[in-house]
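**Q** With the sequence up front, the predicted model follows.
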Amino acid sequence: MLITCENSVKTEKESCKIFEYEFPYQKLGCCKAIINGKYPATGFCLNLKCDQIYFIISGCGIIFYDDKYFKIKEGDCFFMLHGKKYRVEGENLTVIIFNSPKWSLVQYKHIAEELNANLF
């Protein structure tokens, strides 16, 4: 099954453009995200059910995950377990994100807590 970028579901959030590739399989999801700045713009994200793999296509950035900072760049891969807060900051950062099970807003939570300084 081919899903082209032109047929993806596009959304823009804060400093992030998302291209969701929809396919009829609930155990796995995939999207492309282009991040310029902070995602989320304030606080942190928390996935209650889905684990994620971020594959960095281009750009560079920092992921705050499990109370640690990780520098990421083109070619890197980062795995996140559900239930742990995270935040991504980048400049011209393009990532492919694989989710298992498929990501949904119902299992997503925004945490208003702030960091003391910018990561990037």
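**A** It's in.
**Q** Could you check how many residues crowd around residue 44?
**A** Neighbourhood size, residue 44 [other C-beta atoms under 10 Å]: 20. In short, each C-beta sits where N, CA and C put it, glycine included.
**Q** if I pick the residue nearest in space to the middle of the chain, what's in contact with it?
**A** In the chain, the residue lying closest to the centroid (C-alpha atoms, centre = their mean) is residue 97, at 6.2 Å. In this structure, residue 97 makes contact with 30, 31, 32, 33, 52, 53, 54, 55, 103, judged by C-beta atoms under 8 Å, 6 or more residues apart in numbering.
**Q** mind checking how far the helix or strand hosting it is from the chain centre?
**A** Under the criterion of DSSP states H and E, residue 97 resides in strand 86-100. Strand 86-100 sits 4 Å away from the centroid of its parent chain (C-alpha atoms, centre = their mean, to the nearest Å).
**Q** Report the rounded mean pLDDT for it.
**A** Mean per-residue pLDDT for strand 86-100: 96.
**Q** hey, C-alpha coordinates of it in CSV?
**A** Written as CSV, here are the backbone C-alpha positions of strand 86-100 (Å, rounded to 0.1, in the frame of the first residue of the first chain):
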residue,chain,number,x,y,z
TYR,A,86,9.4,14.4,26.6
ARG,A,87,10.0,17.5,24.6
VAL,A,88,11.8,18.2,21.3
GLU,A,89,13.6,21.3,20.2
GLY,A,90,15.2,21.7,16.8
GLU,A,91,16.2,23.8,13.9
ASN,A,92,15.0,22.5,10.5
LEU,A,93,14.6,19.2,12.2
THR,A,94,12.8,16.6,10.0
VAL,A,95,11.9,13.3,11.6
ILE,A,96,9.9,10.2,10.7
ILE,A,97,8.0,9.0,13.7
PHE,A,98,6.8,5.4,14.1
ASN,A,99,4.1,4.8,16.8
SER,A,100,3.0,1.5,18.3
